[in-house]
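A.B. asks: Prediction below, plus the sequence it came from.
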Amino acid sequence: MSDAVTVMFMKRSHRVALKPTPEQAILFGQHSGYARFAYNWAVGEFKAGLDVGEWLGERTLRPRWNNVKGMIAPWSAPLSQNAAKYAIIDFGQAATSWGAYRRKVKAGHRPGRRVGFPKFKRRKHEQGFRADNGPDTVRVDGKVVILPKIGRVDMVEHLRFAGSIREVTINRTAGTWFASFCIEDGEKAPPVEGGLTIGVDVGVGTMATCSDGTTVDNPKVLTDALGRLRRLDKAIARSRNVHGRSNQSNRREQLYAKRRRLHARVVNVRNDHHHKATTAIAKSAGRVVVEALNVAGMIRNRRLARAIADARMSGFLTKLEYKCGWYGAEYVKADRWFASSKLCAHCGWKNNDLRLSEREWWCGGCGVLNDRDFNAAQNLEQWPGLSFPVTGRGDRVRPAMLAVVGEASNESDETSTKRGVSDFIRF
Ligand SMILES: [Zn+2]
């Protein structure tokens, strides 16, 4: 994994809010509509193809689109054709992954995450389109981005990275237009240098607990925003109950708009916080060990709160992984079956009865009181070579329990030479 990172050129992304003129905002809307139109055309063609046993991939669909677009979308002539081109490429990728998933299911493999058939896009869904026409076709001039057919659009800040602009996507969140840049700076990632190993346990309550004792929690501003979001949800639900779900109401529309804005703010604040934390960890460590999240299994659990928590965790780990590449730290995922929470990091005893609600537990092997998250982080730090007993941590161990460990390892002469404290690991 770390090898792959070191030979790649580094790609960085930056999402910048835009300040379009009213005319430019209209053009953004038209381009989004054009991209959606082309995507939906591709879905329709693809379905019709399947009906007659024909697989229409992107390579078939694109020339076909170029032949018909003048007839079915004559209004698109003044718009940038890149929007449609990349919409069809996107569709092609969605169709390919759906096809791969179907093949795995038919062959009787366990395919992991379910991939659905590409759906028609509706106007209510996220608006957006690809604005570039391949690498280096969009230029940035200070705080201005120059987009094909749209022109010079003001950005609220400078691009954070210099280099070749590989992709530019325009999209809208809660009423604000953004440009997402993918930039390749031509530098190779720094080699992995030795250094401190840090185990990182990600969780639902505390975002991340590091084996060096640092914890990453939600900042207060985020907790406050989450509280306000919950109250807004309740207000919307009340309004539905009182006035009926399908009755139009201006007040409810306002509440929806407010919720969209607040939701976008929650996402921004959290991302910013995650960026700072992952940068700090990647810069300070030579090797970062995390647990492998069971993403496919998590997605099957359809409870909303759970899904949100999972999205946060995998988002955090994604950032941590690429930042380790930037700052020369090795990123290691522990085995999926490694019970980092249940093992005692001091003696290796395994607590099979540990429940999710228990934040602390007494070790049955050495008697130490373990903080759930910190203990997991310590186990990850030692992964895969768990060596017990861990020296230097004896001061936390209750002497009475140490005596029990000593007795037990003397019980049989025949095996005692091969047995150590590690025999107390009950795998
Ligand atoms: Zn223990």
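C.D. replies: That came in fine, so what should we check first? Residues are numbered from 1 along each chain as shown.
A.B. asks: In contact with the closest residue to the ion within the stretch 151-300 of the chain: list those residues for me.
C.D. replies: The ion sits closest to Ser211 of the stretch 151-300 of the chain, with a gap of 16.0 Å, by C-beta to the ion. C-betas here are computed from N, CA, C, even on glycine. Ser211 makes contact with 197-200, 374, 377-378, 380-381, according to C-beta atoms under 8 Å, 6 or more residues apart in numbering.
A.B. asks: for Ser239, same thing?
C.D. replies: 249, 251-252, 255.
A.B. asks: Among these, name the buried ones.
C.D. replies: Neighbour-count burial (16 or more other C-beta atoms under 10 Å) applied to the contacts of Ser239 gives 252, 255.
A.B. asks: Let me have the contacts of Ser239 in a markdown table, adding secondary structure as columns.
C.D. replies: Formatted as a markdown table, these follow (DSSP: H, G, I helix; E, B strand; the rest coil):
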| residue | secondary structure |
| --- | --- |
| Ser249 | coil |
| Arg251 | helix |
| Arg252 | helix |
| Leu255 | helix |
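A.B. asks: show me which of the contacts of Ser239 neighbour the ion.
C.D. replies: Among those, proximity to the ion is found for none (C-beta under 5 Å from the ion).
A.B. asks: any idea which of the contacts of Ser239 is least confident?
C.D. replies: For the contacts of Ser239, the weakest pLDDT value sits at Ser249, with 79.
A.B. asks: Need phi/psi at it.
C.D. replies: With angles defined as degrees, to the nearest 10, Ser249 sits at phi -150, psi 130.
A.B. asks: count of neighbours near Ala87?
C.D. replies: Per other C-beta atoms under 10 Å, the neighbour tally for Ala87 reads 25.
A.B. asks: Among the contacts of Ser211, name the ones in helices.
C.D. replies: Members of the contacts of Ser211 lying in helices (criterion: DSSP state H): 374, 377-378, 380-381.
A.B. asks: Can you tell me which of the residues you listed is nearest the ion?
C.D. replies: Of the ones in helices among the contacts of Ser211, the one sitting nearest to the ion (C-beta to the ion) turns out to be Gln378, at 11.1 Å.
A.B. asks: taking the mean pLDDT, what do you get for the strand ranked longest in the chain?
C.D. replies: In the chain, ranked by residue count with DSSP state E as the criterion, the top strand is strand 176-188. Per-residue pLDDT over strand 176-188 has a mean of 88.
A.B. asks: tell me what that strand is packed against?
C.D. replies: For strand 176-188, the packing partners by 3 or more C-beta pairs under 8 Å, 6 or more residues apart in numbering; DSSP states H and E come out as strand 9-19, strand 164-173.
A.B. asks: That one vs strand 9-19, what angle?
C.D. replies: 160 degrees (axes from the mean of the first three to the mean of the last three C-alpha atoms, to 10 degrees).
A.B. asks: Strand partners (parallel or antiparallel) of strand 176-188?
C.D. replies: When pairing is defined by DSSP bridges, strand 176-188 lines up against strand 9-19 (antiparallel), strand 164-173 (antiparallel).
A.B. asks: And the contacts of that strand?
C.D. replies: Contacts of strand 176-188 (C-beta under 8 Å, 6+ apart): 6-18, 20, 25, 28, 131, 135, 140, 145, 153, 155, 159, 161-172, 264.
A.B. asks: Sort out which of those residues are buried, if you could.
C.D. replies: Going by neighbour count (16+ other C-beta under 10 Å), the contacts of strand 176-188 have 10-12, 16, 18, 20, 28, 131, 140, 145, 153, 155, 159, 161, 163, 165-172 buried.
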